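S.K.: just the structure for this:
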Amino acid sequence: MSHGSGRLAGGQEAHVVQFYPADGELAGSVSRYLAEGISSGDGVVVVATEPHRDAFVAGLAAAGIKVDEAERDGRLLLVDAAGLLGTFLDGDRLDGGRFAAAASGLLGRARSAGGLPGEEVTDGADGAAVAAGADGLACGGRRIRIYAEMVALLWEAGQVSLAIELEELWNGLAARFPFSLQCGYPASVLDAPEHVDAVADVRRLHGAAADARSFPCELGSVRAARHYVAGLLDPVTDQVLADGVAIAVTELAANAVLHGRSAFTVIVSRWATRIRIAVRDNAPLARASVTLAPVAPAAGESVKPVPFPVTTGHGLSVVARLASRWGVEPTPAGKVVWAELGAC
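M.R.: From the prediction side, this is the model:
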């Protein structure tokens, strides 16, 4: 991605795309992303359909977030995706100026200390609101993270080229104002051969492309996870990392099944020069543990040694030797273990 440099937990870039196989997968990942932001004091904007907004709100509540309170104090803005899209979609074209007006107005509200509590946005911002939004962004305030799926609505309506154009508009806005953005597309978009080039454009326009799939707690899932990840790799550009990625996903998946005794989800994020494998399971970190230090943190990043259960054996040591960076993040339901291979 040419615009934006912010990072999320675990080294994810500011503009991330997720291709989700089912709404439940989307609800889980987005709810965690939003909850992390609200807990950190970020301004959080959700631009989604009503069913997805309801699912995210339920996920936030399950994570212990007081949603009503977050809305009242302006930390959480819930926006109707179709309504907002309608303010700058003019038939078969996008009005870039009206997009900038609507989006910068939302960013200004999210960043400001007071916000406009509890209001659901369905229309665009006028000139005064744009000015106020820009002032709010220029004057500092909260960090901002956004989940938006207007691009998916355009894609589903057959306006694929407009979805790509909207991704570019988001990137242009990110060049002016810093924020983290996650976009979501149903994984079914990957199955249409006529859209291969468009999907490649979507991946190109994001700092990272994240694909996810869940697996049951059984030994066969380890091989299935390895085959799933292998199928996502480009046979040319990713070949140099393929062997290491296969070992990493095998070890992390085996750790979830054999020692966590848990079903698990594999999340694969791809950048131009590196690949991130994350395995999320429902097993908490054991109290009895050994400590393995993650290697080669990114410049300026402080990474503490991470405790792992003594039952993990040598698998994670192998991952540590292969990875340029790796770590563990506790979640309300368990943990995520991740490893990055390639140049950071």
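S.K.: OK, contacts around Val337?
M.R.: Residues near Val337 by Cβ atoms under 8 Å, 6 or more residues apart in numbering: 252, 255, 278-279, 316, 326-328. Where you see a C-beta, it was placed from the backbone N, CA and C, and this is true even at glycine.
S.K.: looking at the sheet around it, what are its partners?
M.R.: Val279, Val328 (DSSP bridges).
S.K.: how close does it get to Val319?
M.R.: 8 Å (Cβ to Cβ, to the nearest Å).
S.K.: find residues that contact each of these two.
M.R.: What both Val337 and Val319 touch, as defined by Cβ under 8 Å, 6+ apart, is the set 252, 326.
S.K.: just the element for Arg98, please.
M.R.: helix 96-111 (DSSP states H and E).
S.K.: that helix packs against which elements?
M.R.: Contact analysis of helix 96-111 by 3 or more Cβ pairs under 8 Å, 6 or more residues apart in numbering; DSSP states H and E lists strand 43-48, strand 76-80, helix 127-138, strand 144-148, helix 160-176 as its packing neighbours.
S.K.: between strand 43-48 and that helix, find me the angle.
M.R.: 130 degrees (axes from the mean of the first three to the mean of the last three Cα atoms, to 10 degrees).
S.K.: please begin residue numbering at 23 from this point
M.R.: New numbering, starting at 23: the last item is helix 118-133.
S.K.: show me how far helix 118-133 is from its chain's centre.
M.R.: 21 Å (Cα atoms, centre = their mean, to the nearest Å).
S.K.: buried stuff in it?
M.R.: Along helix 118-133, these residues count as buried under the neighbour rule (16 or more other Cβ atoms under 10 Å): 120-133.
S.K.: returning to that earlier point: out of the contacts of Val359, which one has the weakest pLDDT?
M.R.: Least confident of these in the model: Leu338, at 79.
S.K.: let me know whether that one touches Ala276 as I believe.
M.R.: No. Leu338 lies out of contact with Ala276 (Cβ atoms under 8 Å); the separation is 10.2 Å.
S.K.: neighbour count for these two, which is higher?
M.R.: Relative neighbour count places Leu338 above the other of Leu338 and Ala276, with 24 against 21, counting by other Cβ atoms under 10 Å.
S.K.: how far away is that one from Tyr207?
M.R.: Applying Cβ to Cβ, the value for Leu338 to Tyr207 is 32 Å.
S.K.: which SS state does Val288 fall under?
M.R.: Look at Val288: counting by DSSP: H, G, I helix; E, B strand; the rest coil, its state is strand.
S.K.: list the beta-bridge partners for it.
M.R.: Beta-bridge partners recorded for Val288 (DSSP bridges): Arg235, Val301.
S.K.: OK, contacts around it?
M.R.: Residues counted as contacts of Val288 (Cβ under 8 Å, 6+ apart) are 234-237, 247, 250-251, 271, 274-275, 299-301.
S.K.: at 7 Å instead, please
M.R.: 234-235, 237, 247, 250-251, 271, 275, 301 (Cβ atoms under 7 Å, 6 or more residues apart in numbering).
S.K.: so for those, which is the shakiest by pLDDT?
M.R.: Ala234 (80).
S.K.: would you check that that one makes contact with Tyr42?
M.R.: Yes. The criterion here is Cβ atoms under 7 Å, and Ala234 meets it with Tyr42 at 6.4 Å.
S.K.: can you get me a residue count around the closest residue to Asp117 other than its chain neighbours?
M.R.: Leaving aside its sequence neighbours, Asp117 sits nearest to Phe110 (Cβ to Cβ, 6 or more residues apart in numbering; 4.7 Å). By other Cβ under 10 Å, the residues close to Phe110 number 21.
S.K.: OK, contacts around Phe110?
M.R.: By Cβ under 7 Å, 6+ apart, the neighbours of Phe110 are 116-117, 120-121, 124, 146.
S.K.: how about a cut-off of 10 Å?
M.R.: Listed by Cβ atoms under 10 Å, 6 or more residues apart in numbering, the contact set of Phe110 reads 116-125, 146, 172, 188, 191.
S.K.: what's the answer for Thr71, then?
M.R.: 77, 102-104, 171-172, 174-175.
S.K.: now, of these, which are buried?
M.R.: 77, 102-103, 171-172, 174-175.
S.K.: quick one: low-confidence parts of the stretch 123-272 of the chain?
M.R.: By pLDDT under 70, the weakly predicted segments of the stretch 123-272 of the chain are 135-163, 258-259.
S.K.: which residue ranges of the chain form strands?
M.R.: 37-42, 65-70, 98-102, 111-112, 115-116, 166-170, 202-208, 230-237, 286-292, 296-303, 311-314, 328-331, 347-353, 356-364 (DSSP state E).
S.K.: of all these, which one is nearest Ala179?
M.R.: strand 111-112 (9.6 Å; Cβ to Cβ).
S.K.: thinking again about what came up before, reformat the contacts of Val288 as CSV; add neighbour count.
M.R.: Formatted as CSV, those follow (neighbours: other Cβ atoms under 10 Å):
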residue, neighbour count
Ala234, 22
Arg235, 20
Phe237, 20
Ala247, 26
Tyr250, 18
Val251, 22
Val271, 25
Ala275, 26
Val301, 26
